[in-house]
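Q: Can you look at this prediction? I've put the sequence above it.
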Amino acid sequence: MQDRFSAGDDSIQPNMHSFRAVLLAWQRAGNSEFCRLQGGEANAAQRAQRILEWMVLLFDAGANDLAKPDVECFDIVMHAWSMSGHLDAARVTEGLLVWMERLYRRGNESVRPHTKSFNEVLIAWSKSSEVGAARRAQDVLDHMQALSEEGQFCDQVKPNFLSYSAVSNAWATSGEQCSARKADAALKRMERAFRDGDRSLLPDTRMYNVCIDAWAKTKSELKTNNRYPHESARRILDRQMEIYEKGNAQKCRPDVYSYTSVIKACEAMSGSTRQRERVFAVAEVTFLELCQLDYASPNHVTYGTMLKACSNLLPRGSDRRQQVVRHIFSKACEDGYVGSMVVNRLKEAASPELFQELMGDSKKKNLPPKWTRSVPKGTNKFA
């Protein structure tokens, strides 16, 4: 079409909508199952970007006054990159955003970035394995906040739920020493905004779980703001419960993973016997609270994690340890959640005599169906 128009056929001049349709086709091609199997997602994004660059070139050169791209054209290409899985996807996506800002500040109103544009960059950085990706995502979020406070952008680029969620997830999965604290900070910003009346920024259950799990993966002996990781994990759960109960917020209702992740943060704790027993008390209270809920209950991972907590935190051979192990295993049997994980953890936590008593004639390869009825398929195999 462009070649014919350039040759003098004014009846077939391609316009922005023509180019946009092609951009969208390449974006969708990159998301197709066939393209993913062929490893062509990045190639599709590259093709889309070349077309976008061609549009700008044609318009700036006066070769096609209808080829001027708008913000949606840029968004399409940015989405293609953010979903591509390419090693440089985050940097390329951010480069496109910078290009948009530059064009807008030079007077091109049609490419004024908006929240969706920034979110594509945040998503790309949250998926990136590049060192410092989480910090870069945080910088982009802070830039959004600053722009949203400027007169010319206002609410056009105001961070939304997806913005904070992407940054929190980027920090939680970054592996950096400050990852849990930074993920928690993003979560707290959303909570404050929600309490101030912006219900669109209510964190969801998944976001809470990601942050709790980040604390569970933090070295147990490290303190942050004078708190151990298990204490920070438990505080997140307490905040979650408060918002859920007081705000009637079903979106953030804790689930079994919320409670199990707190227990996981406890079971990794090291320290003196007295310290470990205090930490176990937190794990036990968390477990008992889960057992009392009417909308969630322990699963095979919860029971296995609690037995691991017994093994790591309670003195070997103590009556207290044996009593708790017996109770947890008996309840796991009652609920049908005895899989290979639970049996393995039982062997670590119980004395040989108690293990034999609780297992009886049962072996891990042929556990009674009543014990295993609730264990998801594929998780009860001999390991």
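A: Okay, I see it.
Q: Does anything pack onto the helix or strand that contains Met241? Which helices or strands?
A: Secondary structure assignment for Met241, by DSSP states H and E: helix 229-246. Applying 3 or more Cβ pairs under 8 Å, 6 or more residues apart in numbering; DSSP states H and E, we find helix 229-246 packed against helix 179-195, helix 205-216, helix 256-267, helix 273-292. Any C-beta I mention is one placed from the backbone N, CA and C, and that applies to glycine too.
Q: angle of it against helix 273-292?
A: Relative orientation of helix 229-246 and helix 273-292, computed by axes from the mean of the first three to the mean of the last three Cα atoms, to 10 degrees: 30 degrees.
Q: Okay, buried residues for helix 229-246 please.
A: Residues of helix 229-246 classed as buried by neighbour count (16 or more other Cβ atoms under 10 Å): 229-234, 236-237, 239-241, 243-244.
Q: Out of those, which is nearest to Leu354?
A: If you rank those by distance to Leu354 using Cβ to Cβ, His230 comes first, at 26.3 Å.
Q: Now do the contacts for that closest one.
A: Listed by Cβ atoms under 8 Å, 6 or more residues apart in numbering, the contact set of His230 reads 215-216, 220, 262, 265-266, 268-269, 279, 282-283.
Q: again with Ala296
A: By Cβ under 8 Å, 6+ apart, Ala296 lies in contact with 254-256, 259, 290.
Q: Can you turn the buried part of those residues into a PyMOL selection?
A: Selection of buried members from these for PyMOL, criterion 16+ other Cβ under 10 Å:
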select buried, resi 254+256+259+290
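Q: Which two among the contacts of Ala296 are spaced furthest apart?
A: For the contacts of Ala296, the maximum inter-member distance is 9.5 Å, found between Asp255 and Leu290 (Cβ to Cβ).
Q: lowest-confidence helix or strand of this structure?
A: helix 33-37 (a mean of 46; mean pLDDT, DSSP states H and E).
Q: Can you identify the element that follows that one toward the C-terminus?
A: Scanning onward from helix 33-37 (DSSP H and E), the first element met is helix 41-60.
Q: Next one: Val262 from Ala283, what distance?
A: The gap separating Val262 from Ala283 is 8 Å, by Cβ to Cβ, to the nearest Å.
Q: sorry, that was for Arg47
A: Arg47 sits 53 Å away from Ala283, going by Cβ to Cβ.
Q: any weak-confidence spans in the stretch 151-300 of the chain?
A: Scanning the stretch 151-300 of the chain for pLDDT under 70 picks out 151-154.
Q: follow-up on the earlier one: Val262 and Ala283: which is more packed in?
A: Val262 (31 against 26; other Cβ atoms under 10 Å).
Q: List the contacts of the more buried one.
A: 212, 216, 230, 233-234, 237, 282-283, 286 are the contacts of Val262 under Cβ under 8 Å, 6+ apart.
Q: can you redo the residues you listed as TSV with distance to Asn248?
A: Shown next, in TSV, are the contacts of Val262 (distance: Cβ to Cβ, whole Å):
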residue	distance to Asn248
Ile212	22
Ala216	28
His230	29
Ala233	24
Arg234	23
Leu237	18
Val282	27
Ala283	29
Thr286	23
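Q: So which residue is smack in the middle of this protein?
A: Asn169 (3.9 Å; Cα atoms, centre = their mean).
Q: what about that one, which helix or strand?
A: Per DSSP H and E: helix 161-172 holds Asn169.
Q: For Glu353, see how far away the residue nearest to the residue nearest to the centre of the chain when sequence neighbours are not counted is.
A: Closest residue in space to Asn169, ignoring its immediate chain neighbours: Ser126 at 5.1 Å, by Cβ to Cβ, 6 or more residues apart in numbering. Distance check for Ser126 against Glu353: by Cβ to Cβ, it reads 50 Å.
Q: quick one: which of the two has more around it?
A: More neighbours surround Ser126 than the other of Ser126 and Glu353, with 22 against 9 (other Cβ under 10 Å).
Q: Please give me every residue in contact with that one.
A: Going by Cβ under 8 Å, 6+ apart, Ser126 touches 133-134, 137, 166-167, 169-170, 173.
Q: Tell me which residues touch Asn108, please.
A: Asn108 makes contact with Lys68, according to Cβ under 8 Å, 6+ apart.
Q: May I have the phi/psi pair for it?
A: Per-residue torsions, Asn108: phi -90, psi 90 (degrees, to the nearest 10).
Q: Please report the distance of it from Phe74.
A: Separation of Asn108 from Phe74 (Cβ to Cβ) stands at 11 Å.
Q: How about the backbone phi and psi for Arg227?
A: Dihedral angles (degrees, to the nearest 10) for Arg227: phi -130, psi 140.
Q: Ignoring the adjacent residues along the chain, who's closest to it?
A: Using Cβ to Cβ, 6+ apart and skipping residues adjacent in sequence, the residue nearest Arg227 is Arg235, 7.4 Å away.
Q: what's the angle between the helix holding Asn169 and helix 179-195?
A: Counting by the same axes, to 10 degrees, helix 161-172 lies at 160 degrees to helix 179-195.
Q: what packs against helix 161-172?
A: helix 115-127, helix 133-148, helix 179-195, helix 205-216.
Q: in the last one, what's buried?
A: Same thing as helix 205-216. Across helix 205-216, burial judged by 16+ other Cβ under 10 Å covers 205, 207-216.
Q: Which of the residues you listed sits closest to Arg4?
A: Once Cβ to Cβ is applied, the member of those that ends up nearest Arg4 is Met207, at 51.6 Å.
Q: doesn't Leu187 make contact with that closest one?
A: Yes. Shown here, Met207 and Leu187 form a contact pair, counting by Cβ atoms under 8 Å, at 6.3 Å.
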